[in-house]
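Q: Provided below are the primary sequence and the corresponding predicted coordinates.
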Amino acid sequence: MALVHRKAALKALRIIGGLDLIGLRSHSGLNWEKLEGLRDRATGKQLWSFRFGRGARALCILEQHSVIIVAAFEPDHGKAYRQ
């Protein structure tokens, strides 16, 4: 991961750490997307993605009190959605 993406990922994680679920879902900078039809293979829970840099996204599960990252950060937007 390029330095610019690492810095953006750390910034996004700081933002995520300071928000509750309502704040997370409404934060425009993270640009949450519910990935219809995609679920975590291990848990069966709904997958979401969020933006953490210019075109870069991460896959995660949104829990009531936390965000669980389930995939490596992916700077290529299209590749982020392939399991």
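A: Looks like it arrived, so ask away.

Q: low-confidence regions, the protein specifically.
A: Regions of the chain meeting the criterion pLDDT under 70 cover residues 1, 55, 65, 69-83.

Q: and the strands in it, which stretches?
A: For the chain, the strands defined by DSSP state E occupy 33-39, 46-53, 56-62, 67-69.

Q: mind putting these into a markdown table with distance to Leu3 and mean neighbour count?
A: The way it works is simple: take the backbone N, C-alpha and C, and place the C-beta from them, glycine included. Below are the strands of the chain laid out as a markdown table (distance: least, Cβ to Cβ, whole Å; neighbours: other Cβ atoms under 10 Å):
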| stretch | distance to Leu3 | mean neighbour count |
| --- | --- | --- |
| strand 33-39 | 25 | 12 |
| strand 46-53 | 11 | 21 |
| strand 56-62 | 13 | 21 |
| strand 67-69 | 20 | 15 |
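
Q: any chance of those in CSV with distance to His5 as columns?
A: Shown next, in CSV, are the strands of the chain (distance: least, Cβ to Cβ, whole Å):
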stretch, distance to His5
strand 33-39, 18
strand 46-53, 5
strand 56-62, 5
strand 67-69, 14
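
Q: which among those is found nearest to Lys7?
A: strand 46-53 (8.1 Å; Cβ to Cβ).

Q: for the closest one, packing partners?
A: Helices and strands touching strand 46-53, by 3 or more Cβ pairs under 8 Å, 6 or more residues apart in numbering; DSSP states H and E, are helix 3-17, strand 33-39, strand 56-62.

Q: chain center to it: distance?
A: Centroid separation between strand 46-53 and its chain, computed with Cα atoms, centre = their mean, to the nearest Å, is 3 Å.
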